[in-house]
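Enquirer: Predicted model, plus sequence, below.
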Amino acid sequence: MAKTSEPTIIKKYANRRLYNTGTSTYVTLEDLAVMVKGEEDFVVYDAKSGDDITRSVLTQIIFEQEAKGTNLLPVSFLRQLIGFYGDSMQGLVPSYLEYSMTSLTKEQEKLRAQMSEAFGATAFDAIEDQVKRNTEMFERAMKMFMPFPTGEGSAAAAAGSDKKPTQPESSDLDDMKRQLEEMQKTISKLTDKP
């Protein structure tokens, strides 16, 4: 289907079937995943209530991908993400994640182009290494929001670990503080723009 400026309307019926109004066909979550990968914009509405349920359907797609063994989200990240619900930092997390994913995507595209120019098809090994480094950097950045576990709700307690978490060395702590200050400056710049 050709891309248009308007998002495709998907209706979800009570029987859990998804109907693509653009193609007048029933689709699956896998079909919607293909649309996402093809950068085709769509919005999902509950057919009965008319509510926008796009977020929950996209979350379902992620759940299905993870269940198939395509593990993209580390367990520690999922635990941290769950920990932000109801937390005072909850309002900051969506914009931070969106910014981080946009940056990761841009950097990955640049790296892929540079590697293809320089090395041809063998560049994908280097890309995988870069993605791993980006993921590690992202995880370290997320840990800055919760650098030390607190009480029974800590990740260690949730994992059932009896081990006491190790404190980061002072140089690690200084580095994390510096990175947090840089992120706060970046977020301030983003929120100050009209």
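Expert: Great, that's in hand. Numbers count the residues shown, from 1 in each chain.
Enquirer: burial measure for Phe84, as a count.
Expert: 19 (other CB atoms under 10 Å). (Glycine included, C-beta is placed from N, CA and C.)
Enquirer: Then the one 3 residues further on?
Expert: Other residues within reach of Asp87, judged by other CB under 10 Å, total 13.
Enquirer: Equivalent analysis for Phe42, please.
Expert: Phe42, neighbours per other CB under 10 Å, totals 19.
Enquirer: quick one, longest helix in the protein?
Expert: helix 93-119 (DSSP state H).
Enquirer: Nearest spatial neighbour of Thr21, chain-adjacent residues omitted?
Expert: Ile9 (4.4 Å; CB to CB, 6 or more residues apart in numbering).
Enquirer: The one you found against Ala47, yeah?
Expert: No: under the criterion of CB atoms under 8 Å, Ile9 is not in contact with Ala47, lying 10.4 Å apart.
Enquirer: Help me confirm that Glu64 comes into contact with Asp31.
Expert: No: counting by CB under 8 Å, Glu64 does not reach Asp31; the two are 11.9 Å apart.
Enquirer: And the helices in this protein?
Expert: With DSSP H as the criterion, the chain has helices spanning 29-37, 54-67, 75-84, 93-119, 123-145, 155-158, 170-192.
Enquirer: out of those, which comes closest to Ser5?
Expert: helix 29-37 (15.7 Å; CB to CB).
Enquirer: just checking, what packs against that closest one?
Expert: On a contact count with 3 or more CB pairs under 8 Å, 6 or more residues apart in numbering; DSSP states H and E, helix 29-37 meets strand 18-20, strand 42-46, helix 54-67.
Enquirer: would you turn the ones you listed into JSON lines with mean pLDDT?
Expert: Listed next are the helices and strands packed on helix 29-37 as JSON lines, based on pLDDT from 0 to 100:
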{"stretch": "strand 18-20", "mean pLDDT": "95"}
{"stretch": "strand 42-46", "mean pLDDT": "96"}
{"stretch": "helix 54-67", "mean pLDDT": "92"}
